[in-house]
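J.: Sequence below, structure please.
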Amino acid sequence: MSEAPIRPAPISPTGYDRVAVVTGADSGIGRATAVTLAEQGFDVGITFHSDEEGADETARLVREHGRTAAVRRHDLADPERAAAVVDELADELGGLGVLVNNAGTGSVTPLLEMGFEQWRSVLAVDLDGAFLCAQRAARRMVAAGRGGRIVGVTSVHEEYPRIGAGPYCAAKGGLRMLSRVLALELAPYGITVNTVAPGEIATPMTGQEDEPPKPGSRPGYPIDRPGDAREVAAVVAFLASPAASYVTGASLFVDGGMVLMGPQATGALTSGEWRRG
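T.: Below is the predicted model of the structure:
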């Protein structure tokens, strides 16, 4: 008679550390997420690539809510070395309950004109770095035995393509599938893994420098404006909360209904300008 398989003990959905690490939190969605999590009672580890002043400002906003903040530079061009920052921040803040993989980069080069070095540089940041950070975080969460949350910030391009954004789309689609595999593997340990897929959000990454979204400025979207970073952060924070204890392997779109317009919008096009990206 074979023995029953050993299974991890059930994890309380509210027992994980009230410490979050948010990568790429020097502006935009990352900053909004760090501040929202601080409002919900998390100490926050903040990473940045080049904007140290922006990261320090995020830390100041976190501390305004009475929470502890720690800051580290995080260069995902060397993802193996950069991933060590997750452990450094967890050690400084005294634990790790939530990882938000938000740091990312993109491209505007058609695939036939793209060199392999550029292709790899985008995947290193957007996929390799996210994998290694999630692996570090998950190992700590499993060892602690209190569960946790991992949230990847992808894009509507995790599912829908865009001309000129080949490696970005491939990486974001890969991150969605990576998150689903992690969701299966980590569920017995009380760790949920999900992605949030923003559409156009008014942030520096979309050239809008955190400008307030202007209603009526995007007539092709059902909600006719770009999104606000805080609207994305609210969804990330939900997935990081005890309220989302039964949500794993999901991808939540925060896009104002943009992706619903596929066939509808194509019928309204009157030129081939879309082929230029």
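J.: check contacts around residue 276.
T.: Residues in contact with residue 276 (CB atoms under 8 Å, 6 or more residues apart in numbering) are residue 163. From N, CA and C alone the C-beta is placed, and that goes for glycine too.
J.: Tell me the spacing between it and residue 219.
T.: From residue 276 across to residue 219, the span is 20 Å (CB to CB, to the nearest Å).
J.: what about the closest residue to residue 228 other than its chain neighbours, distance to residue 142?
T.: Excluding the flanking residues, the one nearest residue 228 by CB to CB, 6 or more residues apart in numbering is residue 213, at 5.5 Å. According to CB to CB, residue 213 and residue 142 sit 40 Å apart.
J.: Burial check on residue 108, number of neighbours?
T.: 10 (other CB atoms under 10 Å).
J.: where does the chain dip in pLDDT?
T.: When residues are selected by pLDDT under 70, those of the chain lie in 1-14, 205-211.
J.: which strand of it spans the most residues?
T.: In the chain, taking DSSP state E as the definition, the longest strand is strand 191-198.
J.: Just the CA trace of stretch 227-242, in PDB.
T.: Only the C-alpha atoms of stretch 227-242 are listed here, as PDB (Å, rounded to 0.1, in the frame of the first residue of the first chain):
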ATOM      1  CA  GLY A 227      -6.100  55.400 -17.600                       C
ATOM      2  CA  ASP A 228      -4.700  56.900 -14.400                       C
ATOM      3  CA  ALA A 229      -1.800  55.000 -12.800                       C
ATOM      4  CA  ARG A 230      -3.800  54.900  -9.500                       C
ATOM      5  CA  GLU A 231      -6.600  52.900 -11.300                       C
ATOM      6  CA  VAL A 232      -4.100  50.200 -12.200                       C
ATOM      7  CA  ALA A 233      -2.600  50.300  -8.700                       C
ATOM      8  CA  ALA A 234      -6.000  49.700  -7.200                       C
ATOM      9  CA  VAL A 235      -6.300  46.400  -9.100                       C
ATOM     10  CA  VAL A 236      -2.700  45.400  -8.200                       C
ATOM     11  CA  ALA A 237      -3.500  46.200  -4.500                       C
ATOM     12  CA  PHE A 238      -6.700  44.100  -4.700                       C
ATOM     13  CA  LEU A 239      -4.700  41.100  -6.000                       C
ATOM     14  CA  ALA A 240      -2.100  41.700  -3.200                       C
ATOM     15  CA  SER A 241      -4.800  41.700  -0.500                       C
ATOM     16  CA  PRO A 242      -6.400  38.900   1.600                       C
END
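J.: buried residues in that stretch?
T.: Neighbour-count burial for stretch 227-242 flags 227-229, 231-233, 235-241 (criterion: 16 or more other CB atoms under 10 Å).
J.: ditto for stretch 48-61
T.: Judged by neighbour count using 16+ other CB under 10 Å, the buried positions of stretch 48-61 are 48-49, 54-55, 58-59, 61.
J.: Over to stretch 258-265?
T.: Residues of stretch 258-265 classed as buried by neighbour count (16+ other CB under 10 Å): 258-259.
J.: Could you tell me the end-to-end distance of it?
T.: 10 Å (CA to CA, to the nearest Å).
J.: what's next to it, contact-wise?
T.: Residues contacting stretch 258-265 (CB under 8 Å, 6+ apart): 156, 159-160, 199-200, 220-222, 253.
J.: can you tell me the helix or strand for residue 247?
T.: For residue 247, there is no enclosing helix or strand under DSSP states H and E.
J.: and it, how many residues sit next to it?
T.: Using other CB under 10 Å, residue 247 is surrounded by 16 other residues.
J.: cool, residue 246 as well?
T.: Residues lying near residue 246 (other CB under 10 Å) number 7.
J.: For it, give its distance to residue 239.
T.: Noted for residue 246: a distance of 11 Å to residue 239, by CB to CB.
J.: repeat for residue 112
T.: From residue 112 to residue 239 the distance is 37 Å (CB to CB).
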